[in-house]
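Enquirer: Here is a sequence together with a model predicted from it:
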Amino acid sequence: MQKFPYVLGLDVGVGSLGWAIVRLNESGNFLCVEKAGVRIFNPGKPLDTDDNETPAAQRRAYRSIRRIINRRQKRKAKTFAILQAHGFVPANMKPSDFVKYIDEKAYEKYRAQDPQKCRSDNLPYYLRVKALDEQLSLGELGRVFYNLAQRRGFLSNRKTLKKAKEGEVLKSIHHLEEEMKRIGENIPIRTLGEYLVYLSFNKDGERIRGRYTSRQMYIDEFNAIFDAQQRYYPHILTEKLRKLLYDAIFYQRPLKSSRKLIGFCEYEPNSR
């Protein structure tokens with residue numbers, strides 16, 4: 001029996017394996033397809049689950065949560081260190097002790113002045129509103145900036161804005177913006193903090209937290225508070241400090257490039 005050369009071709013996918021045997025003639029040119037087929041693999045998930053999420057997807061989700069928590073802790077620590085270095089926080093005081101200390105003092109101070117709006121569950125937000133019109137102590141102002149670092153709002157990394165607008169998060173943010181405009185027609189709502197204090201004062205049982213907010217809301221409020229307090233502390237609240245705090249609170253890492261995952265073209269070796 002005469003033997004002819006052949007080529008085995010494989011197409012390996014995440015859920016399948018395609019194969020084909022091509023027979024060549026003596027000159028090495030295509031003669032015919034000897035055999036071909038495909039093997040489909042079972043999905044990589046436990047057989048006793050009803051959802052379509054694979055174990056790898058679950059691991060990615062948990063890893064993403066851990067990464068977010070870790071970055072938030074680093075952001076808060078960096079902001080706290082800047083505040084402590086510039087005299088907003090007493091030396092050798094931990095963040096948890098500082099928050100408790102300022103909240104107790106502020107509650108005792110402002111509760112007598114404004115018993116209706118100043119509540120124990122909205123103190124950081126109440127201070128954010130007071131900062132727009134009145135001079136705060138350095139400790140109270142530090143508490144305001146630290147609160148902004150704790151919750152700085154959502155910022156989409158999508159390059160295509162149209163796709164980002166389709167998400168539930170941005171729809172909720174748009175609804176919140178419309179609600180703030182509607183209420184602002186009757187009473188002054190200058191910042192997000194002022195809106196949240198309005199909710200806690202006018203709607204009993206309404207939670208302040210647990211709603212989607214945009215990064216720009218916090219940036220606008222940060223600048224408004226900084227500008228308002230700058231006239232009381234011109235030698236402390238300098239533009240250099242504004243930039244330091246802004247970078248500590250609002251810096252966001254750019255998405256990692258996927259360029260290295262794209263192979264080089266076999267016809268244009270210098271192009272991917």
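Expert: Received the coordinates, thanks.

Enquirer: quick one: low-confidence parts of the stretch 1-150 of the chain?
Expert: 1-4, 43-53 (pLDDT under 70).

Enquirer: Put the alpha carbons of stretch 68-79 into CSV.
Expert: Extracted C-alpha coordinates of stretch 68-79, given in CSV (Å, rounded to 0.1, in the frame of the first residue of the first chain):
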residue,chain,number,x,y,z
ILE,A,68,-11.8,46.7,45.7
ILE,A,69,-11.6,46.4,49.5
ASN,A,70,-7.8,46.5,49.4
ARG,A,71,-7.7,49.6,47.2
ARG,A,72,-10.4,51.4,49.4
GLN,A,73,-8.3,50.7,52.5
LYS,A,74,-5.2,52.1,50.8
ARG,A,75,-7.1,55.2,49.6
LYS,A,76,-8.4,55.9,53.1
ALA,A,77,-5.0,55.3,54.7
LYS,A,78,-3.3,57.7,52.2
THR,A,79,-6.0,60.4,52.8
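
Enquirer: what does that stretch rub up against?
Expert: For stretch 68-79, the surrounding residues in contact (Cβ atoms under 8 Å, 6 or more residues apart in numbering) are 95, 145-146, 149-150, 152, 245, 248-249, 251, 253. In this view, the C-beta of every residue, glycine as well, is placed from N, C-alpha and C.

Enquirer: What residues sit buried inside that stretch?
Expert: Going by neighbour count (16 or more other Cβ atoms under 10 Å), the buried part of stretch 68-79 is 75-76, 78-79.

Enquirer: any chance of these in TSV, plus distance to residue 112 and secondary structure?
Expert: Compiled in TSV, those are given as follows (distance: Cβ to Cβ, whole Å; DSSP: H, G, I helix; E, B strand; the rest coil):
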residue	distance to residue 112	secondary structure
75	34	helix
76	31	helix
78	35	helix
79	30	helix
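
Enquirer: Go through those and name the one nearest residue 120.
Expert: Closest to residue 120 out of these is residue 76 (21.7 Å), distances taken as Cβ to Cβ.

Enquirer: What distance do you get for the closest one to residue 149?
Expert: According to Cβ to Cβ, to the nearest Å, residue 76 and residue 149 sit 5 Å apart.

Enquirer: again with residue 250
Expert: Computed as Cβ to Cβ, the residue 250 to residue 149 distance reads 9 Å.

Enquirer: Compare these two (neighbour count), which wins?
Expert: Comparing residue 250 with residue 149 by other Cβ atoms under 10 Å, the one with more neighbours is residue 149, at 22 against 18.

Enquirer: For the protein, which strand extends over the most residues?
Expert: strand 30-40 (DSSP state E).

Enquirer: Direction included, what does it pair up with?
Expert: strand 16-24 (antiparallel) (DSSP bridges).

Enquirer: The helix or strand hosting residue 62: how far from the chain's middle?
Expert: Per DSSP states H and E, residue 62 falls inside helix 55-85. Helix 55-85 has its C-alpha centroid displaced from the chain centroid by 10 Å (Cα atoms, centre = their mean, to the nearest Å).

Enquirer: Much appreciated, bye for now.
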